[in-house]
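**Q** Okay, predicted coordinates and the sequence, questions at the end:
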Amino acid sequence: MSKHPKKPFLESDEEFALRLQMFHDSEWFSRAHPPSTKSTPVVAREKSLPVPMIRYIQVQTHSRCNADCIFCPYAESWHAEHPGRMSDTLWQKTLHDLAPFAQGINQGKFLPYLMQEPLLDPSIFDKIEEIYTHFPNTCLELSTNGTVLTTKVVDQLIKIFSAPHHKHQLWISHHGINQDTFEHIMKLDYQHALHNLIELLKKAKGRLRIRLRGFGTRRDGKHVFFTSQQYRNYWQQILEHHGIAEDNIQIDAYTYHDRAATLTRSDRGANQLNMSIMRKIGPQNRFYCPRIDLWIHIMWDGQIRLCCMDYHGEVPLPNLHDMSLLEYFASPAYQQIYEMVTGKQNSDAHFICKRCSSPGG
């Protein structure tokens, strides 16, 4: 019988309860782990594994980000060193490959971004329209730092997201409670970003579902740029000062993490924010993360990534240029990584999931 995942030392009771619930609710996980008293060789099990119930999609349509957040590995990432834009042909192939998963995607989310700033893509709104055409009931999530929210972009956001039946979430990364903290953490122009966000909130008038996100405290509480209460107070004062109603605005004061301890640069002491090994994973320490069977992550060049923590591409996986997604989920590569993530087979002592302080994302 499969064991429940053990609680990581730094994970809060609330976070662990949520992950455990996802563990119990995963139909794919329960079907792929029937009660058994002996293991079955990988080769013998490949054909019997069901296709995962994919619900959440992340696609990197291009590689660029104009921010340099202290707790984000973007500046030292693979895609920062290998910049590019997803070709139209590959984009269409991606949509085609996702078609077999439409039922799940229409009950989940489609995120046309991954480890970058999506609004830097001049074709992003055309892509959003295509996503809604292929998956009309999905919730489209867009995350931006706000610096490129020009009047034209804001008008396009309101037009596309306020259309009937277009479920959406607009996440705003605004990590700071004043100019000093914001510019130290994000290396962006505070006044410019704040002005854009205020104009967005005024113009939206509650028609958009907006989530203001500020990460000021490390997951373990040992490093604090600002507190959750300070962040809530900061935005409430701004909204009140500008006469902006809080309709459909959520203030999300959350903790930051180190993207599985992948911060190596010394700039602003980023490498001092890593938290190292978080858990054991193996046959005696089973684990589950929904990123392995409820999500799929695709880079601008078609490379499949394990999850949003793998900024450096340290987990080698196939490319959509070489196979379809259905072929990937039936492949030995997926079988192996699935069993490594869930602990059915042993992995390296520094395997990425053992370093992750935020299972699920």
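**A** Perfect, thanks for sending it.
**Q** Leu114: which element?
**A** Assigning secondary structure by DSSP states H and E places Leu114 outside every helix and strand.
**Q** Who are the contact partners of the residue lying closest to it once chain neighbours are set aside?
**A** Using CB to CB, 6 or more residues apart in numbering and skipping the chain neighbours, the partner closest in space to Leu114 is Gln60 (3.8 Å). For the C-beta atoms, the positions are set from N, CA and C on the backbone; glycine is no exception. Contacts for Gln60 (CB atoms under 8 Å, 6 or more residues apart in numbering) come out as 79, 86, 113-116, 298-300.
**Q** mind checking how far Gln60 is from Ser347?
**A** 25 Å (CB to CB, to the nearest Å).
**Q** do Ala330 as well
**A** Ala330 is 22 Å from Ser347, by CB to CB.
**Q** cool, Ile281 as well?
**A** Ile281 is 6 Å from Ser347, by CB to CB.
**Q** Identify the contacts common to the two.
**A** 340, 353-354.
**Q** the helices in the chain, which residues?
**A** Per DSSP state H, the chain carries helices over the ranges 13-25, 27-32, 42-45, 78-81, 88-98, 102-105, 124-134, 151-161, 179-186, 190-204, 228-241, 325-329, 332-342, 352-355.
**Q** Can you tell me which of the ones you listed is packed in deepest?
**A** With neighbours taken as mean count of other CB atoms under 10 Å, the helices of the chain reach their highest mean count in helix 352-355, at a mean of 21.
**Q** list the contacts for Ala270?
**A** Residues near Ala270 by CB under 8 Å, 6+ apart: 70-71, 263-264.
**Q** can you rerun that using 6 Å?
**A** 70, 263 (CB atoms under 6 Å, 6 or more residues apart in numbering).
**Q** picking up where we left off before, please indicate which of the contacts of Gln60 has the highest neighbour count?
**A** Within those, most neighbours by other CB atoms under 10 Å means Met299, with 26 neighbours.
**Q** can you pull out the strands in the stretch 201-350 of the chain?
**A** Assigned by DSSP state E, counting those that start in this stretch, the strands in the stretch 201-350 of the chain fall at 210-218, 249-256, 295-298, 304-305.
**Q** Adding mean pLDDT, write those strands out as JSON lines.
**A** Shown next, in JSON lines, are the strands of the stretch 201-350 of the chain (pLDDT from 0 to 100):
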{"stretch": "strand 210-218", "mean pLDDT": "96"}
{"stretch": "strand 249-256", "mean pLDDT": "94"}
{"stretch": "strand 295-298", "mean pLDDT": "98"}
{"stretch": "strand 304-305", "mean pLDDT": "98"}
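**Q** which intervals of the stretch 1-150 of the chain have sub-threshold pLDDT?
**A** 1-49 (pLDDT under 70).
**Q** circling back to that earlier point, and the shared contacts of Ile281 and Ser347 as CSV, adding pLDDT?
**A** Listed next are these as CSV, based on pLDDT from 0 to 100:
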residue, pLDDT
Met340, 97
Cys353, 97
Lys354, 96
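**Q** could the helices of the chain go into CSV alongside distance to Cys65?
**A** Converted to CSV, the helices of the chain look like this (distance: least, CB to CB, whole Å):
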stretch, distance to Cys65
helix 13-25, 26
helix 27-32, 32
helix 42-45, 37
helix 78-81, 8
helix 88-98, 19
helix 102-105, 25
helix 124-134, 14
helix 151-161, 16
helix 179-186, 10
helix 190-204, 14
helix 228-241, 22
helix 325-329, 26
helix 332-342, 26
helix 352-355, 21
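**Q** can you tell me which of the shared contacts of Ile281 and Ser347 lies nearest to Lys152?
**A** Of all the shared contacts of Ile281 and Ser347, Lys152 sits closest to Cys353, with 41.4 Å by CB to CB.
**Q** what sits against that closest one?
**A** For Cys353, the contact set (CB under 6 Å, 6+ apart) comprises 281, 341.
**Q** Quick check: the gap between it and Thr133.
**A** In this view, Cys353 and Thr133 are 35 Å apart by CB to CB.
**Q** Repeat that for Pro73.
**A** From Pro73 over to Thr133 (counting by CB to CB), the distance is 34 Å.
**Q** One more: Ser331?
**A** For Ser331, the distance to Thr133 - CB to CB - is 29 Å.
**Q** How about His195?
**A** Applying CB to CB to His195 and Thr133 gives a distance of 34 Å.
**Q** Likewise for Ala349?
**A** 46 Å.
**Q** try Ala102
**A** Distance from Ala102 to Thr133, by CB to CB: 12 Å.
**Q** cool, and Arg291?
**A** 26 Å.
**Q** Ala163 now?
**A** For Ala163, the distance to Thr133 - CB to CB - is 12 Å.
**Q** Repeat that for Leu170.
**A** Counting by CB to CB, the gap from Leu170 to Thr133 is 20 Å.
**Q** same question, Glu339
**A** From Glu339 over to Thr133 (counting by CB to CB), the distance is 36 Å.
**Q** residues touching the spatially closest residue to Arg85 that is not a sequence neighbour, list them.
**A** Among residues not flanking Arg85 along the chain, His62 sits closest, at 4.3 Å (CB to CB, 6+ apart). For His62, the contacting residues are 85, 121, 300, by CB under 6 Å, 6+ apart.
**Q** Equivalent analysis for Gly343, please.
**A** If you count contacts by CB under 6 Å, 6+ apart, Gly343 has them with 281-282, 285-287.
**Q** Tell me how many other residues surround Tyr256.
**A** 22.
**Q** Please name the residues that touch the closest residue to it other than its chain neighbours.
**A** Sequence neighbours aside, Phe215 is the residue nearest to Tyr256 in space, at 3.6 Å (criterion: CB to CB, 6+ apart). Residues in contact with Phe215, defined by CB under 6 Å, 6+ apart, are 175, 254, 256.
**Q** That's all I had, so thanks and see you.
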